[in-house]
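# Mind folding the following:
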Amino acid sequence: MENTNELKQNKMGTAPLFRLIMSMALPAMFSMLVQALYNIVDSIFVSMKGEAALGAVNLAFPMQFLMTSVAVGTGIGINSLVSRRLGEGRKQEADKTATYSLMLGIFSWLIFLLLGIFAVHPLISVFTNDPETYQYSVEYLSIVFIFSIGIFVEVNIEKTLQGTGNTVFPMAFQLVGAITNIILDPIFIFTFDLGVKGAAIATIIGQIFSMIFALLILFIRKNGIKVDFNFFKKIDWKVIIDVYRVGLPSIVMQSIGSFMIFGLNLILTGFSITAVNVLGVYYKLQSFIFMPVFGLTHGVMPIMGYNYGAKNKDRLMKSLKYSLFIALVIMGIGLIIFQVFPRELLAMFNATDDMYAIGIPALRLISLCFLPAAVGIMFSTVFQAVGRGIRSLIISLLRQLCLILPIAYVLSFFGVTFVWLAFPLAEILSIIVSVIFFVTLYNKELKFLSTKEPR
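Down below sits the predicted model:
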C-alpha cells in the first residue's frame with residue numbers, strides 16, 4: 001500500500017482533473033486576489049496624499065514590477081523542474097532544486113540591493129522633473145529594492161511547494177504578507193505621517209513576515225521534498241541550469257511587462273501626468289482580473305508538468321481545456337465590470353475630472369484585451385510546464401513589447417484615447433503565433449505521448 005506522501009505526490013497523475021485543478025488553483029487564486037487587494041489599497045491610501053504621491057508610486061511601479069518579475073520568473077523555473085522531476089520519479093533532483101532555491105533567492109536579492117543603492121536616482125529622473133514627485137518616487141523605490149530579500153526567498157519556497165502539489169501553504173504565505181501590508185499601510189502613511197515612504201515600509205515588512213513563515217513551514221513540516229544543505233558541498237550546476245532554462249525565459253517574459261510600462265509611460269508623459277496615473281490605476285484594477293488567472297496557472301502548471309513527465313497526453317490536454325475555460329470565464333466577468341463600471345472604479349482613487357475624462361474610455365478600450373489575453377496566458381503556461389520557456393518568451397515579447405509599443409506610439413499621434421487600442425490589437429495578433437506554436441508542439445511531440453489514463 002502506498003504511504004501518505006506517495007499519494008500526495010501521485011494525485012497529480014491520478015485524481016479527477018477538474019476537481020484537482022480547482023483544489024490546487026483556488027488557494028493560489030485566492031492568495032493572488034488578496035495580493036491584488038493590498039496593491040489597490042496601497043494606491044488608494046497613497047492617493048489621499050495627493051496626485052503627486054499617486055504619480056510617484058505609479059512611476060516607481062515598472063521598476064517594482066521588474067523586481068517581482070525576477071522573483072516569480074525564477075520561481076516558475078523551480079516549480080516546473082520540481083513537478084517534472086517528481087513526475088519522472090527523480091526525487092533527489094527535486095530535493096536539490098528545493099535546496100538551491102534558497103541560494104537563488106539570496107542571489108536575486110543581492111542584484112536589487114545594488115540597484116537600490118546605485119540605480120534608483122537615474123531611473124526616476126528619466127520620467128519626471130517635478131521635485132516632489134521625484135523625491136517621493138526615489139524614497140519609495142529605494143526602500144522596496146534594498147530590503148527586498150523577503151519577496152525573493154518567499155516566492156522560491158512558494159513555487160517549490162506548488163511544484164509538489166501543495167497550494168494551501170503558498171496561499172497562507174501570501175496572506176500573511178498581504179494582511180500585514182494592509183494593516184500597516186494606514187499606520188505608517190497617516191499615523192506616523194510617513195506618506196509614500198510609509199507605504200514602502202509596510203510593503204517590505206509584509207514581505208519579510210511572509211518569508212519567515214515560509215521558512216518555518218519548509219523546515220518544520222514534511223512537504224514531499226527535503227531541503228538538504230549537504231547538496232551545497234558539491235553544487236550540481238546542471239540542476240541550476242535546468243531551473244533557469246525555464247526560469248530565465250520566464251524572468252525575461254515577465255520583465256517585458258515592466259519595459260512595456262516604461263515605454264507607455266514615456267509615451268503618456270507627452271500628454272500629462274494624469275494619463276500616466278490612469279495607466280497606473282488601470283494596472284492596479286486589472287490585477288483583480290489577471291491575478292486569479294495567474295493563480296490558476298500556478299495551480300495547473302505542476303499538473304501539466306507532472307503529466308508531461310509521466311507521458312500522459314490525455315491528462316495534459318484535459319488540463320489545458322479545463323484551465324482555458326476557467327480563464328475565459330474570469331476574463332469575461334472582468335470585461336463586463338470594466339465596460340459597465342469604469343467611473344466607479346476610478347472613483348476609488350480620488351479621481352479628478354481630468355482623470356475621468358481620460359480614464360473612462362481607457363478602461364473600456366483596454367479591457368477588450370481580456371478574452372484574447374486568457375488564451376495567450378494559458379498557451380504560455382503549457383509551454384512553460386513542458387520546458388519550452390522560449391516559446392512563452394516569444395509570445396510575451398510580441399504581446400508586451402514588439403507589438404504593443406510600436407502600435408501605441410503610432411496611435412499616440414491621433415490622441416491619448418487611441419493609445420489604449422494598442423492593448424487589444426497586440427493580444428489578438430499574438431494569439432495567431434500562440435496557436436501556431438502549440439499546433440507545432442502538439443504534432444511533433446505531445447500527440448506521441450501515452451494516452452492511457454491511470455485507474
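
# since we're on Val340, how many residues are nearby?
Val340 is flanked by 11 other residues according to other C-beta atoms under 10 Å. Where C-beta positions appear, they are placed from N, C-alpha and C, glycine not excepted.

# Need phi/psi at it.
Per-residue torsions, Val340: phi -90, psi -30 (degrees, to the nearest 10).

# Kindly state the pLDDT recorded for it?
With respect to pLDDT, Val340 has a value of 98.

# which residues touch it?
Residues counted as contacts of Val340 (C-beta atoms under 8 Å, 6 or more residues apart in numbering): none.

# Please apply the same query to Gly163.
Applying C-beta under 8 Å, 6+ apart to Gly163 gives the contacts 78-83, 86, 94, 97, 225, 302, 305.

# In helices only, show me these.
For the contacts of Gly163, the ones inside helices are 78-83, 86, 94, 97, 302, 305, with DSSP state H as the criterion.

# between those residues, which is nearest Ile124?
Ile78 (31.7 Å; C-beta to C-beta).

# got the contact list for the closest one?
The contact partners of Ile78, by C-beta under 8 Å, 6+ apart, come to 97-98, 101, 104, 156, 159-160, 163, 243, 247.

# from those residues, which would you call buried?
Buried members of the contacts of Ile78, scored by 16 or more other C-beta atoms under 10 Å, are 97-98, 101, 104, 156, 159-160, 163, 243, 247.

# Include secondary structure, pLDDT and distance to Leu33 when you put the residues you listed into a markdown table, please.
Formatted as a markdown table, the buried ones among the contacts of Ile78 follow (DSSP: H, G, I helix; E, B strand; the rest coil; pLDDT from 0 to 100; distance: C-beta to C-beta, whole Å):
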| residue | secondary structure | pLDDT | distance to Leu33 |
| --- | --- | --- | --- |
| Thr97 | helix | 97 | 28 |
| Ala98 | helix | 96 | 27 |
| Ser101 | helix | 97 | 25 |
| Leu104 | helix | 98 | 27 |
| Asn156 | helix | 97 | 22 |
| Lys159 | helix | 94 | 18 |
| Thr160 | helix | 96 | 22 |
| Gly163 | helix | 90 | 22 |
| Val243 | helix | 96 | 28 |
| Gly247 | helix | 91 | 25 |
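
# Turn those residues into a markdown table, columns for distance to Ala362.
Converted to a markdown table, those look like this (distance: C-beta to C-beta, whole Å):
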| residue | distance to Ala362 |
| --- | --- |
| Thr97 | 42 |
| Ala98 | 43 |
| Ser101 | 39 |
| Leu104 | 38 |
| Asn156 | 36 |
| Lys159 | 33 |
| Thr160 | 39 |
| Gly163 | 38 |
| Val243 | 38 |
| Gly247 | 34 |
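
# With respect to Lys313, which of the contacts of Ile78 is nearest?
If you rank the contacts of Ile78 by distance to Lys313 using C-beta to C-beta, Gly163 comes first, at 20.9 Å.

# Neighbours of the closest residue to that closest one other than its chain neighbours, how many?
Leaving aside its chain neighbours, Gly163 sits nearest to Val82 (3.0 Å; criterion: C-beta to C-beta, 6 or more residues apart in numbering). Val82: 31 surrounding residues under other C-beta under 10 Å.

# Distance check, Val82 against Ser250.
Distance from Val82 to Ser250, counting by C-beta to C-beta, to the nearest Å: 14 Å.

# all strands for the protein, in order.
Remark: strands of the chain are absent; assignment by DSSP state E.

# Okay, now the unreliable bits of it?
By pLDDT under 70, the low-scoring segments of the chain are 1-10, 451-455.

# if we go to 50?
Along the chain, the parts satisfying pLDDT under 50 run over 1-9, 454-455.

# show me the contacts for Gly116.
If you count contacts by C-beta under 8 Å, 6+ apart, then Gly116 has 141-146, 148 around it.

# and stretch 194-203, how far from the chain's centre?
Computed by C-alpha atoms, centre = their mean, to the nearest Å, the chain-centroid distance of stretch 194-203 equals 22 Å.

# Distance check, the residue lying closest to Gly247 once chain neighbours are set aside against Val246.
Excluding the flanking residues, the one nearest Gly247 by C-beta to C-beta, 6+ apart is Gly77, at 2.2 Å. Gly77 is 4 Å from Val246, where distance means C-beta to C-beta.

# Between these two, which contacts overlap?
Counting by C-beta under 8 Å, 6+ apart, the shared contacts of Gly77 and Val246 are Gly389.

# And the helices in the stretch 251-400 of the chain?
For the stretch 251-400 of the chain, the helices defined by DSSP state H, counting those that start in this stretch cover 273-309, 313-340, 342-347, 353-366, 370-385, 389-397.
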